[in-house]
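Chemist: Got a predicted structure plus its sequence, pasted below:
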Amino acid sequence: MAHAHAHTHAVKRHSGLMDWLTTVDHKKIGILYLLAGGFFFLVGGLEALLIRIQLWKPMNDFVSADTFNELLTMHGTTMIFLAAMPILFALMNAIVPLQIGARDVAFPFLNSLGFWTFLFGGILLNVSWFTGGAPDAGWTAYAPLAGTTYNGDHGVDYYVLGLQVAGIGTLIGGINFLVTIINMRAPGMTFMRMPMFTWTIFITSALILFAFPALTVGLAALMFDRLFDANFFDPSGGGNAVLWEHIFWIFGHPEVYILILPAFGVISEVISTFSRKRLFGYSSMVFATILIGFLGFMVWAHHMFTTGLGPVANALFSIATMLIAVPTGIKIFNWLFTMWGGSIIFNTANLFAVGFVPTFVMGGVTGVMLAAAPADFQYHDSYFVVAHFHYVIVGGLILGIFSGLHYWWPKMFGRALNETIGKLTFWTFFIGFHLTFFIQHFLGLLGMPRRIWTYLDGLGFNEMNLISTIGAFLMALGTILFLLNIVTTAFKPKNAPADPWEDGRTLEWTIPSPAPEYNFAQTPLVRGYDAYWKEKMDGHKGMTPAEPLGPIHMPSPSILPFFMGVGLFIAALGFMYAPDWGDMFDGFKAGYGVGIFGLLILFGCMFLRSVIDDHGFHIEEEEILKDKGGKA
Amino acid sequence: MSAHSHVDGQLPHEPEKATLEGRNKVLGFWLFLGGETVLFGTLFSAFLALRHQVLGGPPAEELFNLGLVAAATLILLTSSLTSVFAVHALHTHQVKSLIMWLIITVVLGAGFLGLEIYEFVHYVHEGHGFTTSAFSSSFYTLVGFHGAHVAFGILWISLLIIQLAKKGLNTTTAPKVYIASMYWHFIDVVWVFIFTVVYLMGKVG
């Protein structure tokens, strides 16, 4: 049979651009996610700056009201779906297989497919800027505002289809990492020995699996309303606008935990490493993560307290929301006790991690305030809410991402980022962040509504808005410093050792930086939590191998995922523009022709993937030994 | 890796789980079906929320013909049984019997789909179009999503039948057949819920 003779298959490896388009290597896909997510982060950041410039003084007319709505919508949508999630996917791709001692993810082909559908979905969403108007109904796209009555142009079509295409990639990624973590752990790596970052990715992936299909249905229903005159959310056709709110938040609230849990994981790794202590309360951390994931599905209606669900529903969702503070509090205390008595090193990664703790606590406290339904009637749709969610998403997730990037940069690229620039990045970004958003709590309490284009003079908003805008520019400066750090580091020699922090505790630090294509020359035997630290404490130089040295089977690269992304992109554009492009022949719209052509590309690629067996190739022992000699 | 699974030319009892790739596929597909459950759950919720909004269109109790739907249900449930026989043939390594049961499954699936298309055309003639009301939009979306799943399953299993005929049964084709049968059971279960929630509840009002 084919597999028995797989040794004889020719090694097919591409180089240059073709290598990146066809790669199924999780480490390279991680870098692709970082590049694309980083790009969209800059786009979303630019949109944020334009918003803050418009709001720096009363009655400003820097951008028009319409443009402001577009900027606001695209800032939120881009940051959540195209920046934050992909950068998390970058970290999970780069690190999780290494942390569990795996050679690859469970589905390397699907991993690549997930990236390309995300990228083409993101490009599709941003094409709208150049074709006559971006989506402008807010990132929540509430009906009836997002319906054709109030949004007759194609803006919201781009939102619906762009997110649908990108969402496929996210769902695939979630399933892939669940299976990877369940099935591909090294011998001895039991669930309760898994590093905290892997645990949080595990729970995040489960949340993705059970939350994203709800968004899929919501987007499909909105698409049917907009493109095919269905009546889901249009009251004049018997539809129900509140139904959209329910569907959106049943997805949307777990989404918040999808974002923040991995940041919790990063912080746990970094604080433990740089306090040179075992993570305090590991098993309670695992339990708290699972509990947050579970409760995350029970609280969606706290976004809808003012919709009019009635006092019973509001009370129940209010209490459920407050409950989440308990497992989150457990985590905060565990981080503090991990630092307690440790010999703490305040490098850039740890500064971001330590800065995260009080910042996230502040976001959590305003979260509990908002959870009190009667009080929420005062805060609702004010800048208080804006301040709250930026404290948890920027002050939580983005600080966590910066921490993780500085921490794992040597493992991803073989070069450590510069510490001086790194610390400057931290202080400018950190101070800029608090300057921007702390003051917004008070703007909200004074009554400034969110999502407004401009405001009148004499309301007491002027100085606070100016301070907030100055803070935003300081954050931009921090981001530029980070980019500068990346560029200067790229010209340094690639000389990071396997364990650059010298206090590495987990498996990723036992292999060269960057990791070789096959990750582990020999699968390691895991003997406890903090597997590498345990070997160090027992006086061993490295891990005990769990298998003899031998040829390693690798999956073949493939261009199909790229074309599947292209196919979806073409199909989405075709269906979207069907009303505008006229007939191809009598009674058949040209747009549908284009749409079907795009779907044929997709199904053709699926057909090829099914009928062509992928035998992969083997990396022989000689090559592995050569790598070992060269880099060890 | 897979090289050790059938050294003596014999397939193991459960060839779909003989390799790590196979085990990954089976587990991954179970998880995928978990996501599909949420997908259909959301569609059901939307339908339940909107099913009384018929506007000028015919209401459910006048529209539905339970005889036709019961026949479709019987056909689809039988196809689930034949896919069980197919998996049994997979486990006993009888390729011919496996292919035969898969063909019967596909034919029954196509019969179900034919009845559903006939039913939809009939409804449109009764004045129950996709854009008529919130009831009709959510009805066609829920039942149509299911029908699209059946159509995809028919194409998928047909492709697997060709692959089995050409490549035979091995540790690469076995997991494919196994997860296709999982998929087929899943759309069968969804149909049981559609029959109950859409048609039976529609009849009682």
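Modeler: Arrived safely.
Chemist: Excluding chain neighbours, give the residue nearest to the closest residue to chain A within chain B in space.
Modeler: Nearest to chain A, among the residues of chain B, is B:Gln53, at 2.9 Å (CB to the nearest CB). Quick note: C-beta positions are derived from backbone N, CA and C, even for glycine. Beyond its immediate neighbours in the sequence, the residue positioned closest to B:Gln53 (CB to CB, 6 or more residues apart in numbering or on different chains) is A:Gly238, lying 2.9 Å away.
Chemist: thought that neighbour was touching B:Ser133?
Modeler: Yes - when contacts are counted by CB atoms under 8 Å, A:Gly238 is listed as touching B:Ser133 (4.7 Å).
Chemist: dump the residue contacts of the residue of chain B closest to chain A.
Modeler: Under the criterion of CB atoms under 8 Å, 6 or more residues apart in numbering or on different chains, the contact list for B:Gln53 reads A:231, A:237-240, B:133-135.
Chemist: Tell me where the model's unsure across chain B.
Modeler: For chain B, the stretches with pLDDT under 70 are B:1-9.
Chemist: Just the strands from it, written as ranges.
Modeler: Listed from the start of the chain, chain B has no strands (DSSP state E) to report.
Chemist: which of the residues in the lengthiest helix in it are buried?
Modeler: Among the segments of chain B that qualify as a helix by DSSP state H, the longest is helix B:134-167. By neighbour count with 16 or more other CB atoms under 10 Å in any protein chain shown, helix B:134-167 contains the buried residues B:134-143, B:145-147, B:149-150, B:153-154, B:156-157, B:159-161, B:163-164.
Chemist: that older thread, overlap in contacts, A:Gly238 and B:Ser133.
Modeler: Common contacts of A:Gly238 and B:Ser133, defined by CB under 8 Å, 6+ apart, comprise A:231, B:53-55.
Chemist: Including distance to B:Trp191, could these go into JSON lines?
Modeler: Rendered in JSON lines, the data for the shared contacts of A:Gly238 and B:Ser133 read as follows (distance: CB to CB, whole Å):
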{"residue": "A:Asn231", "distance to B:Trp191": "24"}
{"residue": "B:Gln53", "distance to B:Trp191": "24"}
{"residue": "B:Val54", "distance to B:Trp191": "23"}
{"residue": "B:Leu55", "distance to B:Trp191": "27"}
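Chemist: Could you pick out the buried ones from those?
Modeler: So, by 16+ other CB under 10 Å, the buried ones in these are A:231, B:53-54.
Chemist: need those in CSV with distance to A:Ser112, can you?
Modeler: Written out in CSV, the entries for these read as follows (distance: CB to CB, whole Å):
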residue, distance to A:Ser112
A:Asn231, 39
B:Gln53, 43
B:Val54, 47
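Chemist: Nearest to A:Asn350, out of these: which one, please.
Modeler: For A:Asn350, the closest of these turns out to be A:Asn231, at 54.6 Å, with distances computed as CB to CB.
Chemist: my read: the closest one touches B:Phe139, true?
Modeler: No - at 11.0 Å, A:Asn231 does not count as touching B:Phe139 under the criterion of CB under 8 Å.
Chemist: rewinding a little: more neighbours, A:Gly238 and B:Ser133?
Modeler: Just comparing A:Gly238 and B:Ser133: by other CB atoms under 10 Å in any protein chain shown the higher neighbour count belongs to B:Ser133, 26 against 23.
Chemist: From A:His246, how far off is the residue of chain A found nearest chain B?
Modeler: Relative to chain B, the nearest point of chain A is A:Gly238 (2.9 Å; CB to the nearest CB). Distance of A:Gly238 to A:His246, computed by CB to CB, to the nearest Å: 17 Å.
Chemist: tell me which element A:Tyr532 falls in.
Modeler: Assigned by DSSP states H and E, A:Tyr532 falls within helix A:531-537.
Chemist: hmm, who's touching that helix?
Modeler: When contacts are defined by CB under 8 Å, 6+ apart, helix A:531-537 is touched by residues A:101, A:188-189, A:193, A:278, A:499, A:504-507, A:509-510, A:524, A:527-528, A:541-544.
Chemist: Give me the residues contacting the helix or strand that comes right after it.
Modeler: The element immediately downstream of helix A:531-537 (helix or strand, assigned by DSSP H and E) is strand A:544-545. Contacts to strand A:544-545, defined as CB under 8 Å, 6+ apart, come from residues A:522-525, A:527, A:535.
Chemist: any idea of the mean pLDDT in whichever helix or strand comes after strand A:544-545?
Modeler: Next in sequence after strand A:544-545, counting helices and strands by DSSP H and E, comes strand A:552-554. Confidence over strand A:552-554, taken as the mean pLDDT, stands at 91.
Chemist: can you check stretch A:324-341 too?
Modeler: Within the predicted structure, the mean pLDDT of stretch A:324-341 is 96.
Chemist: quick one: buried residues of that stretch?
Modeler: Going by 16+ other CB under 10 Å, stretch A:324-341 has these buried residues: A:324, A:327-328, A:330-332, A:334-335, A:338-339.
Chemist: Dump that stretch to CSV, keeping only the CA atoms.
Modeler: Included here for stretch A:324-341 are C-alpha records, laid out as CSV according to Å, rounded to 0.1, in the frame of the first residue of the first chain:
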residue,chain,number,x,y,z
ILE,A,324,-17.8,35.4,36.1
ALA,A,325,-16.0,37.8,38.4
VAL,A,326,-15.3,34.8,40.7
PRO,A,327,-13.1,32.6,38.4
THR,A,328,-11.5,35.8,37.0
GLY,A,329,-10.7,36.9,40.5
ILE,A,330,-9.1,33.5,41.2
LYS,A,331,-6.8,34.1,38.2
ILE,A,332,-5.8,37.5,39.4
PHE,A,333,-4.9,36.3,42.8
ASN,A,334,-3.0,33.3,41.4
TRP,A,335,-0.8,35.7,39.3
LEU,A,336,-0.2,37.9,42.3
PHE,A,337,0.8,34.8,44.4
THR,A,338,3.0,33.5,41.6
MET,A,339,5.0,36.8,41.7
TRP,A,340,5.0,36.8,45.6
GLY,A,341,8.4,35.8,46.8
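Chemist: How far off centre is that stretch?
Modeler: Its chain's average C-alpha position is 23 Å from that of stretch A:324-341, according to CA atoms, centre = their mean, to the nearest Å.
Chemist: Neighbours of A:Lys541, how many?
Modeler: Using other CB under 10 Å, the number of residues around A:Lys541 comes to 7.
Chemist: what's the closest non-adjacent residue to it?
Modeler: Nearest to A:Lys541 is A:Glu535, by CB to CB, 6+ apart, at 7.9 Å.
Chemist: any idea how far the residue nearest to B:Leu43 when sequence neighbours are not counted lies from A:Asn231?
Modeler: Leaving aside its sequence neighbours, B:Leu43 sits nearest to B:Leu142 (CB to CB, 6+ apart; 4.5 Å). In this view, B:Leu142 and A:Asn231 are 14 Å apart by CB to CB.
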